[in-house]
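Trainee: Quick one: sequence plus predicted model below, questions after.
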Amino acid sequence: MAAEVRGTPGEVPLNAHLPSSDGLQAEQALLGAALHHPAVIDQVRGIIAAGDIGEPVHRLLFQAMARKRDEGGTFDAPLLRMLVEDLDLGGLTVGEYIGRLHASATTIGHAVEYAKEIRRQADRRRLWGVAHDIKWALDTPVGRPADVAASAIEMLDEIVASAPGAGPRCVNVAEAADQVLAEIGRIRGGGKRAGAPYGMPSLDRMTLGMKPGELIIAAGRPGMGKSTFGIAVGLNTSERNAGTYYVSLEMEAQQLTERALAALAFDDLGNVLTYRTIGEAVNLTDKDLWRLQKARDRLKGVPLSIEQQPGLTLSQIGARARQRQARMEREGKHLRLIIVDHLGLVRPSTRYSGNRVQEVSEITAGLKVLAKELGVAVMALCQLSRGIESREDKRPTLSDLRDSGSIEQDADLVLGLYREAYYLERKLSRTDEEDERLLNAQQELVVEILKQRQGPTGSVRLFCSAPCNVVAEKRA
Ligand SMILES: Nc1ncnc2c1ncn2[C@@H]1O[C@H](COP(=O)(O)OP(=O)(O)OP(=O)(O)O)[C@@H](O)[C@H]1O
């Protein structure tokens, strides 16, 4: 059987991958208890999986027990002997070992505690694994320290992300109903709705805001205003003190901030200050500079963080979002919204390399899991397929979602963004009627609610100044 793990700080022991004696005892006690009461396996499966069990023969027995329970069956010591190969464990067969586990089991009362200890030991072994990898990388003078750190963060994050007890996995429906009624009472009493507002009343009314755990897809053709919309929503949300994490895979933080400043400096008195002018810097008047100062003051203390590293994978986004959430909590703020700009630029894992449909499915499913795990809304901006351009009616539909049907499946809400002015402006010759339509549509963004899991579809017409990155409620 396995030897005990011993290590001094700074030193990675050779046997770190093996369970400690505490871990071994916990595994033996748990399996012994399960041999007397198979339901113990159901009880602990929210805490441990077979991969958490350190001793290979224990893992084998746990897998056989779990398989039986999955089939709706039960087991006892004789049946288990038949289910696993009777290997020689060095002077003892598996069959004999099962007999010992059965005979030495004392109580089932502590099964959950045993499972927690097994889990703790498994996580310690994983931590040792990371430490070992770091040490190996340091001893080997190839590779960049930043890459080693990135991979270590990813592995550490997997330990954090898979930790049990992040939230209840299964709730009783009556208790859930109590929670719904309590929430109704809270909102009727003037409390804020859970989640994050778009800050555009007509869209908030149609959707009830961006709820925790929701995946929202905001889709449109290039130039249609996806980033404009994403930034406007991010600003609105964070200005209402709802923490927002903007993952900008396309734009540098500076460009994004120029857009944010233009949006905040916007007034509807005709003093146009575009983000392009801000970026150019040379044509700014004193008044413009004063407006920019005011806009900058509005951003003080606003919980909006911009991630500007391109080429992030989904698990890197997840790891950074968790760090961001922890940091915001420490600062007394709460992360409510993650915006990914845009979905097509999330670097896929190597798992489905080349199969774009599977890659996109993996990313959208992962974003949905992230939303649920962190209890925040995730909005992913997404490009629509070129097919629209050859249609007479260029308003977006669900079938224009490129690459994968899973976007539509995984999303709780799909918003199609459409600016008719974009197309009319580019027409070589316009009829009088089109000229009039252009006049009306010049400052309009239509948000088509193409799918809403918990509500109606429909469309919302918003005011939009694309050059100033403003999207807002239309004046009556
Ligand atoms: N100064 C300006 N004058 C006129 N139009 C502008 C100006 N600045 C930006 N725009 C327009 O605003 C739109 C920018 O939209 P945005 O970047 O939000 O689109 P997007 O859907 O995110 O596009 P992409 O997919 O190409 O990133 C573009 O159509 C662009 O032409």
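Mentor: That came through, no problem.
Trainee: pLDDT below threshold where in the stretch 1-150 of the chain?
Mentor: Along the stretch 1-150 of the chain, segments meeting pLDDT under 70 span 1-20, 106-108.
Trainee: Quick check: the gap between the most centrally placed residue in the chain and residue 457.
Mentor: Against the mean C-alpha coordinate of the chain, by CA atoms, centre = their mean, the closest residue is residue 370 at 2.5 Å. Between residue 370 and residue 457 the distance is 25 Å, computed by CB to CB, to the nearest Å. Glycine gets a C-beta too; all of them are placed from N, C-alpha and C.
Trainee: Residue 315 against residue 156, yeah?
Mentor: No - contact criterion CB atoms under 8 Å: residue 315 and residue 156 do not qualify, at 11.4 Å.
Trainee: Neighbour count: these two, which is higher?
Mentor: Comparing residue 315 with residue 156 by neighbour count (other CB atoms under 10 Å), the higher total belongs to residue 315, at 18 against 14.
Trainee: Going by secondary structure, that one is in what exactly?
Mentor: Here residue 315 sits within helix 314-330, counting by DSSP states H and E.
Trainee: just how off-centre is that helix within its chain?
Mentor: 9 Å (CA atoms, centre = their mean, to the nearest Å).
Trainee: Residue 44 reaches residue 30, doesn't it?
Mentor: Yes - at 6.8 Å, residue 44 counts as touching residue 30 under the criterion of CB under 8 Å.
Trainee: Can you pick out the residue with more neighbours from these two?
Mentor: More neighbours surround residue 30 than the other of residue 44 and residue 30, with 29 against 25 (other CB under 10 Å).
Trainee: For the more buried one, which non-adjacent residue is spatially closest?
Mentor: In this structure, residue 30 finds its nearest non-sequential neighbour in residue 114, 4.1 Å apart by CB to CB, 6 or more residues apart in numbering.
Trainee: what number of residues lie near that neighbour?
Mentor: By other CB under 10 Å, the residues close to residue 114 number 26.
Trainee: and if you look at the one 10 residues further on?
Mentor: Other residues within reach of residue 124, judged by other CB under 10 Å, total 18.
Trainee: does it count as helix, strand or coil?
Mentor: Here residue 124 is recorded as helix under DSSP: H, G, I helix; E, B strand; the rest coil.
Trainee: What separation do you get for it and residue 261?
Mentor: With distances taken as CB to CB, residue 124 is found 48 Å from residue 261.
Trainee: Can you give me the pLDDT of the nearest residue to residue 313 once chain neighbours are set aside?
Mentor: Leaving out its chain neighbours, the residue that sits closest to residue 313 by CB to CB, 6+ apart is residue 347, at 4.7 Å. Per-residue confidence (pLDDT) for residue 347: 87.
Trainee: Residue 312 is in contact with residue 347, correct?
Mentor: Yes - between residue 347 and residue 312 there is a contact under CB under 8 Å: 6.3 Å.
Trainee: So for the two, which sits in the more crowded spot?
Mentor: Set side by side, residue 347 and residue 312 show more neighbours around residue 312, with 19 against 16, by other CB under 10 Å.
Trainee: gap between the more buried one and residue 348?
Mentor: 11 Å.
Trainee: for residue 408, same thing?
Mentor: 19 Å.
Trainee: ok, back up a step: give the contact list for the residue nearest to residue 313.
Mentor: Applying CB atoms under 8 Å, 6 or more residues apart in numbering, we find residue 347 in contact with 311, 312, 313.
Trainee: can you check residue 239 too?
Mentor: 199, 298, 302.
Trainee: to the chain's geometric centre, what's the distance from stretch 427-442?
Mentor: Here the centre of stretch 427-442 is set off from its chain's centre by 42 Å, with CA atoms, centre = their mean.
Trainee: average pLDDT across that stretch?
Mentor: Taken as a whole, stretch 427-442 carries a mean pLDDT of 88.
Trainee: quick check: angle from the helix or strand containing residue 150 to helix 314-330?
Mentor: According to DSSP H and E, residue 150 maps onto helix 145-161. Comparing the axes of helix 145-161 and helix 314-330 via axes from the mean of the first three to the mean of the last three CA atoms, to 10 degrees yields an angle of 70 degrees.
Trainee: buried set for helix 145-161?
Mentor: Buried residues in helix 145-161, counting neighbours by 16 or more other CB atoms under 10 Å, are found at 148, 153, 155, 157, 161.
Trainee: measure the second one to the ligand for me?
Mentor: In this view, residue 153 and the ligand are 29 Å apart by CB to the nearest ligand atom, to the nearest Å.
Trainee: same question, the fourth one
Mentor: Distance, residue 157 to the ligand, using CB to the nearest ligand atom: 29 Å.
Trainee: Could you do the first one as well?
Mentor: Per CB to the nearest ligand atom, residue 148 is found 33 Å from the ligand.
Trainee: Can you name the residues that contact that residue?
Mentor: 133, 134, 137, 138 are the contacts of residue 148 under CB under 8 Å, 6+ apart.
Trainee: what does the second one give?
Mentor: By CB under 8 Å, 6+ apart, residue 153 lies in contact with residue 319.
Trainee: do the same with the third one
Mentor: The contact partners of residue 155, by CB under 8 Å, 6+ apart, come to 126, 129, 130, 133.
Trainee: just those residues now: which is nearest residue 60?
Mentor: Using CB to CB, residue 126 comes nearest to residue 60 of the contacts of residue 155, at 20.3 Å.
Trainee: mind listing what the closest one touches?
Mentor: Contacts for residue 126 (CB under 8 Å, 6+ apart) come out as 155, 158, 159.
Trainee: and the gap between residue 309 and residue 364?
Mentor: Going from residue 309 to residue 364 by CB to CB gives 21 Å.
Trainee: quick one: which of these two has more around it?
Mentor: residue 364 (27 against 12).
Trainee: Could I get the pLDDT score of the residue nearest to the more buried one when sequence neighbours are not counted?
Mentor: Nearest residue to residue 364, sequence neighbours excluded (CB to CB, 6+ apart): residue 410, at 4.3 Å. On pLDDT, residue 410 comes in at 88.
Trainee: Give me the neighbour count for residue 410.
Mentor: Residue 410 has 21 nearby residues by other CB under 10 Å.
Trainee: Might you report the residue contacts of it?
Mentor: Contact analysis of residue 410 by CB under 8 Å, 6+ apart lists 215, 361, 364, 365, 367, 368.
Trainee: which one of these sits closest to residue 427?
Mentor: Nearest to residue 427 among the contacts of residue 410, counting by CB to CB, is residue 364 at 34.6 Å.
Trainee: Close to the ligand: what parts of the stretch 151-300 of the chain are there?
Mentor: Neighbours of the ligand within the stretch 151-300 of the chain, by CB under 6 Å from any ligand atom: 220, 222, 223, 224, 225, 226, 227, 228, 250, 274, 276.
Trainee: quick one: which of those is nearest to residue 380?
Mentor: The closest of those, once distances to residue 380 are taken by CB to CB, is residue 226, at 9.9 Å.
Trainee: any idea how far the helix or strand hosting residue 371 is from the chain center?
Mentor: Here residue 371, judged by DSSP H and E, is contained in helix 356-374. With CA atoms, centre = their mean as the basis, helix 356-374 stands 8 Å off its chain's centre.
Trainee: which helices and strands does that helix pack with?
Mentor: Under the contact criterion of 3 or more CB pairs under 8 Å, 6 or more residues apart in numbering; DSSP states H and E, helix 356-374 touches strand 215-220, helix 314-330, strand 335-341, strand 377-383, helix 406-410.
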